[in-house]
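> here is a sequence with its predicted model. Questions after.
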Amino acid sequence: MINYILRPALETEAAQIKKLINLVGINPTGLDWKRFIVAVNDDRRVIGCGQIKPHGADIRELASIAVDPAYQGNGIARAVMDQLLSTIPRPVYLMCVSTMEGLYIKFGFKAIPYEAMPRYFQRISNVFRIADVIRHSGEELLVMKME
Ligand SMILES: CC(C)(COP(=O)(O)OP(=O)(O)OC[C@H]1O[C@@H](n2cnc3c(N)ncnc32)[C@H](O)[C@@H]1OP(=O)(O)O)[C@@H](O)C(=O)NCCC(=O)NCCS
């Protein structure tokens, strides 16, 4: 059983958040500590995090969901997401690679087609598609929505 608390991030934890995001290898941009919820262990180390990013008035994105690999599989991501999603109005969007779809389906998110995406996510999808032509990874970027 892992002991940790969940709370809004402190300014002094900004560097730890960046380090955790880099450690798990997800989008390192837009990491404003003020928007983050963190899971902190008994040693006051940030072992999990997540944020809601606003993109204009009614567009909200669940983002930067990360848990230190040494602590994964203990329900920490679920706790972070439950806390973030408990306070914000719907709809909420997120972007993920298709291999992560199963995780977010569990929370009630559904992948949406290009035509249904707000313009912000269409733009990112376009950039991802162009980059993938160069990368040849074949990995798909999904935009998912929770009503
Ligand atoms: C994905 C990640 C955040 C999960 O963290 P975690 O603390 O291990 O997750 P939890 O233990 O809270 O699991 C929550 C649920 O998601 C499920 N889950 C976790 N990883 C999953 C995956 N890759 N695919 C599908 N389901 C997954 C768990 O089985 C669990 O389901 P349950 O509650 O029904 O048992 C963590 O593995 C991570 O940091 N990965 C690297 C960064 C990343 O990919 N983030 C997502 C960016 S889109």
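Yes, it's here.
> so which elements touch the helix or strand of the chain with the lowest mean pLDDT?
Every helix and strand of the chain was ranked by mean pLDDT, DSSP states H and E. The lowest is helix 119-135, at a mean of 85. Counting contacts by 3 or more Cβ pairs under 8 Å, 6 or more residues apart in numbering; DSSP states H and E, helix 119-135 packs against strand 92-97, strand 141-146. Bear in mind the C-beta positions are built from the backbone N, C-alpha and C, glycine included.
> look up the closest residue to the spatially most central residue of the chain, ignoring the ones flanking it.
In the chain, the C-alpha nearest the mean C-alpha coordinate belongs to A63, at 2.4 Å (Cα atoms, centre = their mean). Once flanking residues are discounted, A63 sits nearest to K53: 4.9 Å by Cβ to Cβ, 6 or more residues apart in numbering.
> assign the one you found to helix, strand or coil.
Secondary structure, DSSP: H, G, I helix; E, B strand; the rest coil: K53 is strand.
> skipping adjacent residues, who's closest to V92 in space?
Using Cβ to Cβ, 6+ apart, the closest residue to V92 is M146 (4.7 Å).
> err, Y71, not the other one
In this structure, Y71 finds its nearest non-sequential neighbour in I47, 4.6 Å apart by Cβ to Cβ, 6+ apart.
> what's the angle between the least confident helix or strand of the chain and strand 141-146?
150 degrees (axes from the mean of the first three to the mean of the last three Cα atoms, to 10 degrees).
> so how far is helix 119-135 from its chain's centroid?
Helix 119-135 has its C-alpha centroid displaced from the chain centroid by 18 Å (Cα atoms, centre = their mean, to the nearest Å).
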